[in-house]
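J.: From the sequence below, what's the structure:
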Amino acid sequence: MTLEEFIGSNSTEKRMETVTQALEELLVAAQNQDSLTVGVYESAKLMNVDPDSVVLCVLAADEEDQDDVALQIHFTLLQAFCCDNDIDILRVSGVGRLAQLLDQDPEDEPRDLHCILVTRVNDSAALNDVSSFCEESRCRNQWVPCLEMQNR
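T.: Okay, the predicted model is just below:
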């Protein structure tokens, strides 16, 4: 590994950590402002009715979800819709971390956290960080960037 590769990989890791933290802050702020739609079907309904209100689509799947054909078809359709409507998309792994962030009580019926939509929020700093990351990824021809969220 050359010095340039080492420095590049180190800065990439830091950038991913920064974006992951911004995403976490954004999701919590959006939930507090009632600007979060959770669930594949609920998200599809909102995007059908008011796609202009959506600023970010988070598609979450862990390793065990990769074989769920129905979920992957839903993701493909949601991604296509988001691309057509200029909505930023992020794929994340770490559904457990999303449950922690969104205060999902283990005693309650689990919510479908595979698709989360963020509508207009007041926390523009976190949204700007996430949107910039999505735009940078598109410039590198990575249309659906991926983040890994770790349980804490």
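J.: Can you show me the helices along the chain?
T.: Counting by DSSP state H, one finds helices in the chain at the ranges 3-32, 40-49, 69-84, 95-101, 124-139.
J.: what's the second one packed up against?
T.: Okay, so that is helix 40-49. Here helix 40-49 touches strand 54-60, helix 69-84, strand 115-119, going by 3 or more C-beta pairs under 8 Å, 6 or more residues apart in numbering; DSSP states H and E. C-betas here are computed from N, CA, C, even on glycine.
J.: Spatially central residue in the protein, please.
T.: With distances taken as C-alpha atoms, centre = their mean, the residue of the chain nearest its centroid is residue 58 (2.7 Å).
J.: Give me the distance between that residue and residue 33.
T.: Counting by C-beta to C-beta, to the nearest Å, the gap from residue 58 to residue 33 is 16 Å.
J.: what does residue 61 give?
T.: For residue 61, the distance to residue 33 equals 26 Å [C-beta to C-beta].
J.: between the two, who's got more neighbours?
T.: More crowded of residue 61 and residue 33, by other C-beta atoms under 10 Å: residue 61, with 19 against 14.
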